[in-house]
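> Next input, structure requested:
(2 chains)
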There are 2 protein chains.
Amino acid sequence: MSLTRIHNLSISLDGFATGEPQSKEAPFGHAGERLHEWMFATRFWKKTGGTVGADHAFAERHEPGIGAEIMGANKFGPPGWQDDPDWKGWWGPNPPFHTPTFVLTHRPRPPIEMAGGTTFHFLDASPAEALQAAREAAGGQDVRIGGGATVVRDFVAAGLVDNMHLVQVPIVLGRGVRVWDGLEALEQGYDIEVVSTPSGVTHLTFMRKRG
Amino acid sequence: MSLTRIHNLSISLDGFATGEPQSKEAPFGHAGERLHEWMFATRFWKKTGGTVGADHAFAERHEPGIGAEIMGANKFGPPGWQDDPDWKGWWGPNPPFHTPTFVLTHRPRPPIEMAGGTTFHFLDASPAEALQAAREAAGGQDVRIGGGATVVRDFVAAGLVDNMHLVQVPIVLGRGVRVWDGLEALEQGYDIEVVSTPSGVTHLTFMRKRG
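Residues are numbered from 1 along each chain as shown, chains lettered A, B, ... in the order given. Just a heads-up that it's a prediction; the model follows:
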């Protein structure tokens, strides 16, 4: 069975997954990379060296079993990337997705085939429609909702997400895009496991209840 | 040295310390008592029986060394209690404070002496002024900021709080009074320790950095 999964979405204590304003120079706005330092310390990120404890164990779940990713326009590029016909994402010629990757945008363009197995497809579609397209492309594997926060919110609110892993970092951002908005009573649909780790972050795992 | 402390302030994943609307029948609005169930299970609350693990250990820190409490008008009574000359708080003739207790309100009234050592004083004052009054009444002991969330925010934002203990409960309330608003970059002033416990809650301890 193909699941829909979210991994490693880092949020502040006040629930922001990014700061503001977002730009090419500051993709996460005033948050900088403070939401992601916990991951930079892991072997998952460093490839050699790094910690191999709980933070690493959670982080590396990002990869296995994923056959396609869906991301929002704000993850693919800075504001206005739709006006740049040469923009191919932040990640260089070999993006770290290695699967069909669906970018939600109101201004779709033809697919872009990158090295390493990543092909960017551009869709102007509802969450359910996008998920159907990604599911067909995933070859029976799972689909990852790659973010940002607004896309995560939309897919969770639409009841499309099976597993969600959030990482709460002990900073208060005060402003940005809040992952919780519109998700009142989320606990009714999910079993929730919470574990804090020695690095100071807290991993929240949401597992959809089966009826 | 007399410290200013906050204990057992329970919040939802999205940071709300109470739901809405607040009323005499529903002091925490649509949150009901869901934010406090973790505490009801402890010996601190039950007096006999109950758990004596991490949740209890945190909960019972509420009491020792406290010489006075400051609370907001919304903790003392439901909306409009100022119009009821007989209102003496939610807690019956012997309130659980057992110290001078300062209620912040724009409509102060004469002090009310209760059984068990609690005397309610009513102040229309800034956080700093209220803290000075409570400090003088505390007899060298610590002052507890008893909540609700707006009072906690005001005292933290004014730089008056030494220790703050929050308890994050895995529910998403969606609306209410959010404890984080106005506290951007709080981590710059505090060392923060985070621990999740088997009951599913996460204890956040903020300890003011000394310059």
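> For chain A, what lies in contact range of chain B?
By the rule CB under 8 Å from any CB of the partner chain, the part of chain A lying against chain B is A:13-15, A:170-175, A:178, A:180-187, A:192-196, A:200-202, A:204. Glycine gets a C-beta too; all of them are placed from N, C-alpha and C.
> So which elements touch the helix or strand hosting residue A:55?
Per DSSP states H and E, residue A:55 falls inside helix A:54-59. With contacts taken as 3 or more CB pairs under 8 Å, 6 or more residues apart in numbering or on different chains; DSSP states H and E, helix A:54-59 sits against strand A:4-12, helix A:37-40, helix A:43-46, strand A:202-208.
> Which element is encountered next along the chain beyond it?
Sequence order places strand A:66-72 as the next helix or strand after helix A:54-59, per DSSP H and E.
> same for that following strand, what does it pack against?
The helices and strands touching strand A:66-72, judged by 3+ CB pairs under 8 Å, 6+ apart, are strand A:100-104, helix A:127-137, strand A:142-147, helix A:149-157.
> So for that strand, mean pLDDT?
For strand A:66-72, the mean per-residue pLDDT is 98.
> Would you mark the buried spots in stretch A:134-153?
Across stretch A:134-153, burial judged by 16 or more other CB atoms under 10 Å in any protein chain shown covers A:134-135, A:137-138, A:141-153.
> How far off centre is that stretch?
Centre-to-centre, stretch A:134-153 and its host chain are 9 Å apart (CA atoms, centre = their mean, to the nearest Å).
> Quick check, pLDDT for residue A:154.
So, for residue A:154, pLDDT stands at 98.
> ok now do it, which residues does it touch?
residue A:127 (CB atoms under 8 Å, 6 or more residues apart in numbering or on different chains).
> Any figure for the gap between it and residue A:177?
Distance, residue A:154 to residue A:177, by CB to CB, to the nearest Å: 12 Å.
> Kindly report the same for residue A:119.
Residue A:119 is 27 Å from residue A:177, by CB to CB.
> quick one: which of those two has more around it?
More crowded of residue A:119 and residue A:177, by other CB atoms under 10 Å in any protein chain shown: residue A:177, with 25 against 17.
> is it true that that one touches residue A:147?
No. Using CB atoms under 8 Å, residue A:177 is not in contact with residue A:147, being 9.7 Å away.
> Which neighbours do these two have in common?
By CB under 8 Å, 6+ apart, residue A:177 and residue A:147 have these common neighbours: residue A:17.
> who's in contact with the most centrally placed residue in chain A?
Closest to where the C-alpha atoms of chain A average out (CA atoms, centre = their mean) is residue A:146, at 2.7 Å. Going by CB under 8 Å, 6+ apart, residue A:146 touches A:69, A:70, A:71, A:75, A:97, A:101.
> Not including adjacent chain positions, what is the nearest residue to the second one?
The one in question is residue A:70. Setting aside the residues directly before and after it, residue A:70 is nearest to residue A:102 in space (CB to CB, 6 or more residues apart in numbering or on different chains), at 4.7 Å.
> Which element, helix or strand, includes the nearest residue to residue A:24 once chain neighbours are set aside?
Using CB to CB, 6+ apart and skipping the chain neighbours, the partner closest in space to residue A:24 is residue A:78 (4.0 Å). Counting by DSSP H and E, no helix or strand carries residue A:78.
> and if you look at residue A:109?
According to DSSP H and E, residue A:109 maps onto no helix or strand at all.
> again, but for residue A:122
Assigned by DSSP H and E, residue A:122 falls in strand A:119-123.
> Which elements pack onto that strand?
Strand A:119-123 packs on strand A:100-104, strand A:112-113, helix A:127-137, going by 3+ CB pairs under 8 Å, 6+ apart.
> and the longest one with strand A:100-104, angle?
Here helix A:127-137 runs at an angle of 170 degrees relative to strand A:100-104 (axes from the mean of the first three to the mean of the last three CA atoms, to 10 degrees).
> Output helix A:127-137 as PDB, nothing but the C-alphas.
The C-alpha coordinates for helix A:127-137 follow below in PDB (Å, rounded to 0.1, in the frame of the first residue of the first chain):
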ATOM      1  CA  PRO A 127      -4.000  18.400  -3.400                       C
ATOM      2  CA  ALA A 128      -6.100  15.300  -4.300                       C
ATOM      3  CA  GLU A 129      -5.300  15.700  -8.000                       C
ATOM      4  CA  ALA A 130      -1.600  16.300  -7.400                       C
ATOM      5  CA  LEU A 131      -1.500  13.200  -5.100                       C
ATOM      6  CA  GLN A 132      -3.100  11.100  -7.700                       C
ATOM      7  CA  ALA A 133      -0.500  12.200 -10.300                       C
ATOM      8  CA  ALA A 134       2.300  11.600  -7.900                       C
ATOM      9  CA  ARG A 135       0.900   8.200  -6.800                       C
ATOM     10  CA  GLU A 136       0.800   7.100 -10.400                       C
ATOM     11  CA  ALA A 137       4.400   8.200 -10.900                       C
END
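> Just the angle for it relative to strand A:4-12, thanks.
Using the same axes, to 10 degrees: helix A:127-137 against strand A:4-12 is 120 degrees.
> For helix A:127-137, which helices and strands make contact with it?
With contacts defined as 3+ CB pairs under 8 Å, 6+ apart, helix A:127-137 has these neighbours: strand A:66-72, strand A:100-104, strand A:119-123, strand A:142-147, helix A:149-157.
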